[in-house]
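Undergrad: Take a look and give me a structure for this.
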Amino acid sequence: MELNTRGRYAVMALADLAAHGGGAALAISAVAERQKISTAYLEQLFGALRRAGLVESARGRLGGYRLARPAGAITIGEIMAAAGEPFEMTRCASQEAAGCVMGERCLTHELWHVLGEHINSFLAKVTLEDVIKGIPEHLRADRSHVRSDSQSALDLPGRAPEITGGLAAE
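TA: I've put the predicted structure just below:
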């Protein structure tokens, strides 16, 4: 899976508005300069974000864009959806699709579908405010089951014994 620039840039731009706007409208050019994103590309993105009700435009000398709601009320999932960045991990267009490999579901379909559900669930819980202040601990993954870099997979219980010189070590 690869996240394309559209969704990533939309999140970066709205995080910039949240961090630097203080409720005031900011010029797209200022956001583009800080985030190192093309102004023309951001103009396209902000059109979609405005239509989704995530930003408001302000005209005039001090015009630009501001968040339409507080940063704590805008989720990353909403931003990704507005940017047209769906997280569908399977090759099928939907669960109802005829199949992903020659009319049949592939063997790993359920794995990728559940992973997509987890990603969407996580993005629906994380707000722009979380991004600015730091992702809260309760949203972070439990990494207690992940082995450290110094722990070999062969050292884990239930694994095959280490092979040395062609023979199993005893």
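Undergrad: all strands of this structure, in order?
TA: In the chain, strands defined by DSSP state E lie at 55-58, 64-67, 163-164, 167-168, listed in chain order.
Undergrad: neighbours around Ala19, how many?
TA: 14 (other C-beta atoms under 10 Å). (Glycine included, C-beta is placed from N, CA and C.)
Undergrad: and what of Ala71?
TA: 19.
Undergrad: got it, and the one 4 residues further on?
TA: By the measure other C-beta under 10 Å, the count of residues near Thr75 is 17.
Undergrad: measure it to Trp112 for me?
TA: 23 Å (C-beta to C-beta, to the nearest Å).
Undergrad: swap in Cys106?
TA: Per C-beta to C-beta, Cys106 is found 8 Å from Trp112.
Undergrad: do the same with Gly7
TA: For Gly7, the distance to Trp112 equals 18 Å [C-beta to C-beta].
Undergrad: Tell me which residues of stretch 32-51 come out buried.
TA: Buried residues in stretch 32-51, counted by 16 or more other C-beta atoms under 10 Å: Ala32, Ile37, Leu42, Leu45, Phe46, Ala48, Leu49.
Undergrad: what two of those residues are the furthest from one another?
TA: Using C-beta to C-beta, the pair of the buried residues of stretch 32-51 lying farthest apart is Ala32 and Ala48, separated by 15.9 Å.
Undergrad: that older thread, which one's more surrounded, Gly7 and Trp112?
TA: Higher neighbour count among Gly7 and Trp112: Gly7, with 21 against 17, using other C-beta under 10 Å.
Undergrad: isn't that one right up against Ala83?
TA: Yes. Here Gly7 reaches Ala83: they are 4.7 Å apart, a contact under C-beta atoms under 8 Å.
Undergrad: Count residues in the vicinity of the residue nearest to Pro136 when sequence neighbours are not counted, would you?
TA: Closest residue in space to Pro136, ignoring its immediate chain neighbours: Asp130 at 6.2 Å, by C-beta to C-beta, 6 or more residues apart in numbering. Neighbour count of Asp130, defined by other C-beta under 10 Å: 17.
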